[in-house]
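Chemist: Sharing a model that was predicted from the sequence below.
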Amino acid sequence: MNSLGKQFLVLTLLVIIGSILVAPVSAATTQVQIVKYASDGTTILSDRTLTWQQMRDTLPVLGDGVTHYYHQGPVFVDDPDETVEQALRWNPEESINVDTKDMGAVKGTNLKDLCNLVGGMSPGEELKILASDGWYKWIAYKNVYQYSSREGPIGITWYKNGLYPDSGYTDGMRMVWFADDSVNKLGPGGTGLHALGNWDWHEAADPQYWYYYISGGEYYPTTTGLSGQVVNRIYIYSDDAPPIQVPQLPDYPAPTDPNGDGLYEDLNGNGRNDFNDVVVFFNNMEWIGVQDGFGYFDFNGNGRIDFNDVIRLFEGM
Ligand SMILES: [Ca+2]
Ligand SMILES: [Ca+2]
Ligand SMILES: [Ca+2]
Ligand SMILES: [Ca+2]
């Protein structure tokens, strides 16, 4: 290679290295997928994906864009008396390491409203919030739906201090609790800050959902660890049984429901209600009658497969 070629190669490499160095480190997420799973944990009952703009424009908005919301960091106090130590670290007066955990003047969407897009949750169920970097957190039904004003609703925030996920809100979308200002006196003139204090969460959530900063074998409760960043998935694990499949007759395509009434007249799966469906039904009555989904062919609605179902199918052609 001549010297001009070497110079060109070096220059090219410098440009490539430079472009890697200035590549944006932002991993902000700009959309969230909400999935409701059946009780088997794998069957998808409902699935929606919203961009942050759709969240902003189609659902109620949490936050006014001016009010700052806070979480609480660990309270690093020790005491020889374990009970005293626990009380100090939970800090019920919400006075320590709160103003340092400013989540910003955030706006977002209530997690409950996102869940309701896919059929919502029922008491006792849990959901899992996942982030693009692999982080995840389990949340109980009661904390999504039955929050008090003290800890407030869980917001999936797409706005902070004038910035959106695609214009500089690099830790968005982020989980922020829209807590009230009732507990602490850390605001101007002794007013309260809107803060999810350690004790707020102690009172609101069951122990398995608490979060600790662990150092030197010591456990320090904190709510900052609850505040997941770059959130992009919400998985509801419901108690709902997976829907029963429509039985598919051997050697035929899947049956269809041409008139959309929930009964599957097209047993031979050719897309229409024809005489051959009646023949296929008659020839397979016994087999159909013992399938889990026989109800899709119970045309007289008496809870079993019988000859009258065949007649109904024939009459309805
Ligand atoms: Ca509080
Ligand atoms: Ca039908
Ligand atoms: Ca047919
Ligand atoms: Ca019947």
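Modeler: Perfect, thanks for sending it. Ligands and ions are numbered 1, 2, ... in the order given.

Chemist: I figured Lys160 hits Met103, correct?
Modeler: Yes: the pair Lys160 / Met103 is scored as a contact, 7.4 Å apart, by CB atoms under 8 Å. Heads up, the C-betas are built off the backbone N, CA and C, glycines and all.

Chemist: what touches both of those two?
Modeler: Arg174 (CB atoms under 8 Å, 6 or more residues apart in numbering).

Chemist: Report the buried residues of stretch 221-235.
Modeler: 221-224, 226-235 (16 or more other CB atoms under 10 Å).

Chemist: got the end-to-end distance for that stretch?
Modeler: In stretch 221-235, first residue to last residue: 26 Å (CA to CA, to the nearest Å).

Chemist: quick one: is it near ligand 1?
Modeler: No: Stretch 221-235 lies out of reach of ligand 1 by CB under 5 Å from the ion, never closer than 9.3 Å.

Chemist: At the contact with ligand 2, which residues of this protein appear?
Modeler: Asp257, Asn259, Asp261, Leu263, Glu265.

Chemist: Counting neighbours, what do you get for the closest residue to the last one other than its chain neighbours?
Modeler: Spelled out, that is Glu265. Among residues not flanking Glu265 along the chain, Asn273 sits closest, at 4.4 Å (CB to CB, 6 or more residues apart in numbering). Applying other CB atoms under 10 Å, we find 20 residues neighbouring Asn273.

Chemist: Mind checking what secondary structure Asn273 has?
Modeler: coil (DSSP: H, G, I helix; E, B strand; the rest coil).

Chemist: what's the pLDDT at it?
Modeler: pLDDT, Asn273: 95.

Chemist: pretty sure it is touching Asp266, no?
Modeler: Yes: contact criterion CB under 8 Å: Asn273 and Asp266 qualify, at 5.7 Å.

Chemist: which neighbours do these two share?
Modeler: Pro258.

Chemist: ok so, going back, what's the residue nearest to Glu265 in contact with, if anything?
Modeler: So Asn273 contacts Pro258, Asn259, Glu265, Asp266, Gly316, Met317 (CB under 8 Å, 6+ apart).

Chemist: Need the worst-confidence member of the residues you listed.
Modeler: Pick the lowest pLDDT in the contacts of Asn273 and you get Met317, at 82.

Chemist: which residue does the stretch 51-200 of the chain bring closest to ligand 4?
Modeler: Minimum separation of the stretch 51-200 of the chain from ligand 4 (CB to the ion) falls at Gly119, amounting to 30.0 Å.

Chemist: Does that residue belong to a helix, a strand or coil?
Modeler: Here Gly119 is coil, with the state taken from three-state DSSP.

Chemist: let's have the chain start at 674 instead
Modeler: Taking 674 as the first residue, the last one we looked at is Gly792.

Chemist: OK, contacts around it?
Modeler: With CB under 8 Å, 6+ apart, Gly792 has these contacts: Lys709, Leu718, Ser719, Ile909, Ser911.

Chemist: where does Thr830 fall, helix, sheet strand or coil?
Modeler: strand.

Chemist: Backbone torsions only: list them for Leu723.
Modeler: Backbone torsions of Leu723, given as degrees, to the nearest 10, read phi -120, psi 140.

Chemist: Please name the residues that touch it.
Modeler: Counted by CB under 8 Å, 6+ apart, Leu723 has contacts Gln704, Val705, Ile707, Thr731, Leu787, Leu790.

Chemist: Domains in the protein, by residue range?
Modeler: 704-910, 917-990 (automatic domain parsing).

Chemist: Ranking those domains by mean neighbour count, which comes first?
Modeler: Greatest average neighbour count among the domains of the chain goes to domain 704-910 (a mean of 18), per mean count of other CB atoms under 10 Å.

Chemist: Now secondary structure, pLDDT and distance to Leu761 too, for the buried residues of stretch 894-908, in CSV please.
Modeler: Converted to CSV, the buried residues of stretch 894-908 look like this (DSSP: H, G, I helix; E, B strand; the rest coil; pLDDT from 0 to 100; distance: CB to CB, whole Å):
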residue, secondary structure, pLDDT, distance to Leu761
Pro894, strand, 98, 11
Thr895, coil, 98, 14
Thr896, coil, 98, 16
Thr897, helix, 98, 18
Leu899, helix, 98, 20
Ser900, coil, 98, 23
Gly901, coil, 97, 27
Gln902, coil, 98, 29
Val903, coil, 98, 33
Val904, strand, 98, 32
Asn905, strand, 98, 37
Arg906, strand, 98, 37
Ile907, strand, 98, 35
Tyr908, strand, 98, 37
